[in-house]
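Visitor: quick one, what's the 3D model for this:
(chains A, B, C and D)
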2 protein chains.
Amino acid sequence: MGESMAAVTAPTGKAESILAAAQRTFLASGFGAVSMDAIAREAGASKATLYAYFSSKEELFGAVVAREGERYFRDFSAGELDPREVKASLLEIARRFLALVLSPDAIAVNRITIAEAVRFPQLGEVFWRAGPERTRAQIEGFLNRATEAGTLDIADARGAAEQFIALLRGDIHPRQLLRLDKPADAMELDAAATSAVDTFLRAFGK
Amino acid sequence: MGESMAAVTAPTGKAESILAAAQRTFLASGFGAVSMDAIAREAGASKATLYAYFSSKEELFGAVVAREGERYFRDFSAGELDPREVKASLLEIARRFLALVLSPDAIAVNRITIAEAVRFPQLGEVFWRAGPERTRAQIEGFLNRATEAGTLDIADARGAAEQFIALLRGDIHPRQLLRLDKPADAMELDAAATSAVDTFLRAFGK
DNA sequence: GTCTATACAGTGATAGAC
DNA sequence: GTCTATCACTGTATAGAC
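Guide: Here you go, the predicted structure:
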């Protein structure tokens, strides 16, 4: 780990195909159930080559999580939304957030990060900063602008952002982590967004 | 699995000490990182004895999760709380819920259940029914009584219960799952309860 | 850098004595 | 029922040829 956990920028050629193969297999089956043999096969390389790029299975795993964490949350933004149209803007934020957080890949990364939190304590930090931390900051920014615009009544924007996110997760997110439901379709996703925004506005709207 | 996943009732003697040892080791390190040798050592028994009681590592693991899931949530109740004192009662529910859900052992079971959801799909169901399902039913019952008593304004009690739980989890619960914070102390727990109840009452109080 | 082949440790599971 | 000893196997990791 350590060294290449920072190597989020995509390497080229063989290293890239190894990372891609590792990503597919790890996300599908977790850490323990995957062997370096399997990854080598999937990558069309030999095990020795894997070890030429990543000095251990743990390091390869760390590199995958860091990369995926970045990739999925990089694009989340709420900067251009109009704070005067609170309800519409919150709904848009809600949909973007849920589409991101409930996507099968994001769920898989989240699941594995939780699973290996004991073995790799730093992994949780990497994931949190790349994901939840970033989305919260974006939402907090919007709430501040809405408060200034006079469309919301919020004293603690950071806390309110956390609560909005909590409402959005609802029980869909935990249930997805446990694999109790198949991936949410657009309709369920919309229903969850609407219900969360309604309650949030009942609490903080004017 | 299958067979003895229903055997929640505590066996006696050796079987009990094996289950207890398996619980300690699995909760501490997860499924993949624990060997049957380690459990046998911890139980003060031989591996052969383990296999006399549980026909595979998977079955032993399933028995542990079912037992722990039951154990932690069995006592959760909101039946005796006064719906006319909404705020005080909700605060009490909140404290009980958080004390339960954020306890290190419950977190550990939750974490492992998520971790192994891919390998053991039934495990998530067992956990959900023993835990979240039960707490939600209790809270939903209280919200219904409060609505009848006229102290809350709720149309969909089930949905509101889910949202209350979501607010309670906040970001403490996900952060605990990722091992980002040390176990929450009484003060943090109280702050989380208060903040969730405040927002919930802003949305559904009168 | 990349391969094949292999060393070596550790795993889940079982046979057989008591 | 419980133990010791051992099985067959798979895992990570490396050596050496090209």
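Visitor: could you use CA atoms for every contact and neighbour count after this?
Guide: OK.
Visitor: now what about stretch A:118-128, what contacts it?
Guide: For stretch A:118-128, the surrounding residues in contact (Cα atoms under 8 Å, 6 or more residues apart in numbering or on different chains) are A:62, A:65-66, A:69, A:110, A:113-114, A:116-117, B:29, B:178-180.
Visitor: out of those residues, who has the most neighbours?
Guide: A:Thr113 (31 neighbours; other Cα atoms under 10 Å in any protein chain shown).
Visitor: picking up where we left off before, need the worst-confidence member of the contacts of stretch A:118-128.
Guide: The member of these with the lowest pLDDT is A:Gly69, at 81.
Visitor: wait, that residue sits on A:Val109?
Guide: Yes - if you go by Cα atoms under 8 Å, A:Gly69 and A:Val109 touch, sitting 7.4 Å apart.
Visitor: biggest separation within the contacts of stretch A:118-128, which pair?
Guide: Across the contacts of stretch A:118-128, the longest distance by Cα to Cα is 23.8 Å; it joins A:Gly69 and B:Ser29.
Visitor: would you say A:Ala191 is within a helix?
Guide: Yes - under DSSP: H, G, I helix; E, B strand; the rest coil, A:Ala191 sits within a helix.
Visitor: follow-up on the earlier one: which among the contacts of stretch A:118-128 gets closest to DNA strand C?
Guide: Nearest to DNA strand C, judged by Cα to the nearest atom of the strand, of these is B:Ser29 at 11.7 Å.
Visitor: measure that closest one to A:Arg169 for me?
Guide: 27 Å (Cα to Cα, to the nearest Å).
Visitor: which residues are contacting the host helix or strand of A:Leu100?
Guide: Element membership for A:Leu100, per DSSP states H and E: helix A:86-101. With Cα under 8 Å, 6+ apart as the test, helix A:86-101 has contacts from A:72-73, A:76, A:78, A:81-83, A:106-107, A:135, A:139, A:146, A:151-152, A:168-169, A:173, A:189-190, A:193-194, A:197, A:201.
Visitor: okay, and which of those residues map to helices?
Guide: A:72-73, A:106-107, A:135, A:139, A:146, A:168-169, A:173, A:189-190, A:193-194, A:197, A:201 (DSSP state H).
Visitor: quick check: the farthest pair among those residues?
Guide: Spatially, the most separated pair among the ones in helices among the contacts of helix A:86-101 is A:Ile107 and A:Ala146, at 30.3 Å (Cα to Cα).
Visitor: compute the inter-axis angle for the host helix or strand of A:Gln163 and helix A:86-101.
Guide: Assessed by DSSP H and E, A:Gln163 sits inside helix A:157-169. Relative orientation of helix A:157-169 versus helix A:86-101 (axes from the mean of the first three to the mean of the last three Cα atoms, to 10 degrees): 60 degrees.
Visitor: by contact count, what packs against helix A:157-169?
Guide: helix A:86-101, helix A:132-149, helix A:186-204, helix B:157-169 (3 or more Cα pairs under 8 Å, 6 or more residues apart in numbering or on different chains; DSSP states H and E).
Visitor: ok, now how distant is the closest residue to A:Gln23 other than its chain neighbours from DNA strand C?
Guide: Of all residues not flanking A:Gln23 in the chain, A:Val64 sits nearest, at 5.8 Å (Cα to Cα, 6 or more residues apart in numbering or on different chains). In this view, A:Val64 and DNA strand C are 18 Å apart by Cα to the nearest atom of the strand, to the nearest Å.
Visitor: check contacts around A:Val64.
Guide: Residues near A:Val64 by Cα under 8 Å, 6+ apart: A:19, A:22-23.
Visitor: and the helix or strand encompassing it, how far from the chain's centre?
Guide: Assigned by DSSP H and E, A:Val64 falls within helix A:57-73. With Cα atoms, centre = their mean, to the nearest Å as the basis, helix A:57-73 stands 12 Å off its chain's centre.
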